[in-house]
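**Q** Here is a sequence together with a model predicted from it:
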Amino acid sequence: MSRPSPSLSLLHRSVNTEVSNPPDSKVVRLSSGGVQLFGFDGDAEVLDSVLSGLVLEAHLEVAPKLSWLALRGGSQFTTINNVDDNVIVISSALPENHYREILLIFDTIDRSLRVIPSVPRDHLTNRTYRVLAVPHDGAERSYSLVIPGQAPISLSEEGFAEWPDVLFISPTSASSSTSPSSSTSPWQMMKRANFPKMHIPDTSFFADEVFSFGGRGYWVDLLYGVMYCDCADVLSDGIDPVDFHFFALPPPHMTSPLGREVVADLRACRTMGSVGGFVKLVSIDGFITRSQNLRHRCVRVWTLEKDLQWTIEVKLSMDDLWNMPGFSNNFRHLRSMFHSPCSLAPMYPFLSTKEDHVIYFALGEFTQGHSWGSFPTTVHFLLRVDLCLWDVSFMHVPYSETPAMENYFGVNHSILCPPVALSGDGKAKVLGLQAKMKGLKV
């Protein structure tokens with residue numbers, strides 16, 4: 001039985017701050033230099049002494065084993081906020097003051113680690129907790145962080161503060177006008193946001209996925225649809241407010257009239273992102289709407305065209321999967337690990353940013369809801385399906401890795417693999433880690 005390609009790493013959202021090096025993990029030091037501080041008022045020197053010792057590491061395993069980040073010297077309240085292209089945004093708090101929230105921005109290209117305060121507590125963030133990294137045109141390694149919310153901007157005639165929709169914008173980059181250790185708030189820039197009229201309850205939209213691609217920023221609600229704007233409008237000094245637009249997910253993506261409360265975590269059945277020059281959506285039947293026949297459940301891959309219409313690229317039924325050589329030829333081996341592989345349902349899809357002809361998803365057990373779709377329980381296998389060769393490879397998922405797969409990011413492992421890594425005794429040495437992982441014997 002062959003393994004899925006190690007181009008995919010499953011990166012857990014939790015960041016470990018109580019670091020110990022498991023003997024079998026690949027420990028890679030990510031941050032290459034000191035930590036740069038932006039926007040801390042009054043106590044920059046004290047903070048510099050507290051935060052300068054932060055070290056970001058990656059503990060790498062071949063999927064489906066779990067990879068995770070470690071922040072030596074960090075607060076226990078540390079999680080990955082978002083991974084967008086080559087920028088990893090991490091939510092945390094000051095090690096000595098857990099009420100003071102911060103964001104760490106790691107650039108996987110130049111290996112820099114920057115720290116800024118989170119959006120002020122008197123500003124309300126809504127519609128998502130994910131931070132969008134918007135690249136600046138023509139400026140290498142330059143970007144702004146963006147998050148939608150509401151802020152008390154003006155007083156009404158009755159004397160009450162109004163809370164209009166806004167974008168909080170932080171130009172945190174190597175070329176930012178805010179210098180390291182500057183006390184100027186990185187969130188001083190705000191723009192009003194004209195959010196679109198959507199045929200859903202206005203308060204229901206919540207972005208599960210946030211990314212930028214092709215000059216646009218996308219906020220993806222995996223139940224209702226996609227809200228987007230032009231990145232140039234966000235960054236322009238002459239445009240305020242910023243206009244947003246909306247388009248729906250493709251049929252047969254029926255939504256639940258009772259909202260998110262009655263369906264499985266949406267990442268169990270859908271994911272969306274940019275792959276190979278296109279925006280793609282992967283959807284799996286049976287979780288939002290009821291599906292009686294398991295063999296007819298389908299994994300669908302959709303491509304977003306320039307006119308914002310969806311084109312179906314692949315429709316893979318369970319019948320198709322069971323008849324693929326990689327599945328049928330190893331059926332006996334599969335049965336040795338799980339008595340009835342054909343009773344397992346597809347779930348938890350992942351997109352590979354570097355392989356536009358490949359999708360990943362898990363096979364696992366599920367329970368059927370009373371009136372709506374099913375709910376995933378235990379994952380048993382991770383599959384890599386090559387849509388060009390029409391073949392599948394897979395690996396058994398250890399029981400210890402099965403809980404809460406919705407807490408994984410599917411990332412290309414090469415962004416976490418600099419040429420210098422740490423050996424078990426902490427000494428730096430060149431590993432050629434990416435080549436080693438690709439050469440693993442199976």
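**A** Here it is on my side, so go on. Numbers count the residues shown, from 1 in each chain.

**Q** Name all residues that make contact with L56.
**A** Contact partners of L56, counting by C-beta atoms under 8 Å, 6 or more residues apart in numbering, are 29-31, 69-72, 104, 106, 113. For every residue, glycine as well, the C-beta is placed using N, CA and C.

**Q** Rounded mean pLDDT for the helix or strand where it lies, please.
**A** According to DSSP states H and E, L56 maps onto strand 55-60. Throughout strand 55-60, pLDDT has a mean value of 87.

**Q** just checking, next helix/strand downstream of it?
**A** Taking DSSP H and E, what comes next after strand 55-60 is strand 66-72.

**Q** Could you tell me the angle between the helix or strand that that next one is followed by and strand 66-72?
**A** Using DSSP H and E, the helix or strand that follows strand 66-72 towards the C-terminus is strand 79-84. Interaxial angle, strand 79-84 versus strand 66-72 (axes from the mean of the first three to the mean of the last three C-alpha atoms, to 10 degrees): 110 degrees.

**Q** Run through the neighbouring helices and strands of the helix or strand harbouring L11.
**A** According to DSSP H and E, L11 maps onto strand 8-12. If you count contacts as 3 or more C-beta pairs under 8 Å, 6 or more residues apart in numbering; DSSP states H and E, strand 8-12 packs onto strand 66-72, strand 79-84, strand 408-412.

**Q** Given it, what are its sheet partners and their directions?
**A** With DSSP bridges as the test, strand 8-12 is paired with strand 66-72 (parallel), strand 408-412 (antiparallel).

**Q** Which among the ones you listed is found nearest to V87?
**A** Nearest of these to V87, taken as C-beta to C-beta: strand 408-412 at 11.7 Å.

**Q** can you tell me which residues contact M198?
**A** 205, 224-225, 227, 246.

**Q** again, 10 Å this time
**A** Counting by C-beta atoms under 10 Å, 6 or more residues apart in numbering, M198 touches 204-205, 221, 224-225, 227, 244, 246-248.

**Q** pretty sure I153 is touching L124, no?
**A** No - I153 lies out of contact with L124 (C-beta atoms under 10 Å); the separation is 11.8 Å.

**Q** Now the common contact residues for those two.
**A** Common neighbours of I153 and L124 (criterion: C-beta under 10 Å, 6+ apart): 163, 166.

**Q** what angle sits between the strand or helix carrying I102 and strand 66-72?
**A** Element membership for I102, per DSSP H and E: strand 97-107. Computed by the same axes, to 10 degrees, the angle separating strand 97-107 from strand 66-72 equals 120 degrees.

**Q** Please give the centre-to-centre distance between strand 97-107 and its chain.
**A** 18 Å (C-alpha atoms, centre = their mean, to the nearest Å).

**Q** ok, now which ones touch the closest residue to V299 other than its chain neighbours?
**A** Among residues not flanking V299 along the chain, L316 sits closest, at 4.5 Å (C-beta to C-beta, 6 or more residues apart in numbering). Contacts for L316 (C-beta under 10 Å, 6+ apart) come out as 284, 297-301, 324, 346, 359, 361, 385, 387, 390, 392.

**Q** among those, who's most crowded?
**A** Highest neighbour count within the contacts of L316, by other C-beta atoms under 10 Å: P346, with 28 neighbours.

**Q** The closest residue to L11 other than its chain neighbours and F211, how far apart?
**A** Nearest residue to L11 in three dimensions, chain neighbours excluded: F409, at 4.4 Å (C-beta to C-beta, 6+ apart). According to C-beta to C-beta, to the nearest Å, F409 and F211 sit 12 Å apart.

**Q** higher neighbour count, those two?
**A** Neighbours were counted for F409 and for F211 using other C-beta under 10 Å; F211 has more, 22 against 16.

**Q** elements contacting the strand or helix carrying that one?
**A** Element membership for F211, per DSSP H and E: strand 209-213. Packed against strand 209-213 by the contact rule (3 or more C-beta pairs under 10 Å, 6 or more residues apart in numbering; DSSP states H and E) you find strand 79-84, strand 132-135, strand 143-150, strand 216-221, strand 225-230, helix 231-235, strand 270-275, strand 278-284.

**Q** Which one of the ones you listed lies nearest to R290?
**A** Comparing the helices and strands packed on strand 209-213 by their distance to R290 (C-beta to C-beta), the top pick is strand 278-284, with 13.7 Å.

**Q** Mind checking the pLDDT average for the closest one?
**A** 94.

**Q** Quick check: N293 touching A345?
**A** No - between N293 and A345 there is no contact under C-beta under 10 Å: 11.3 Å.
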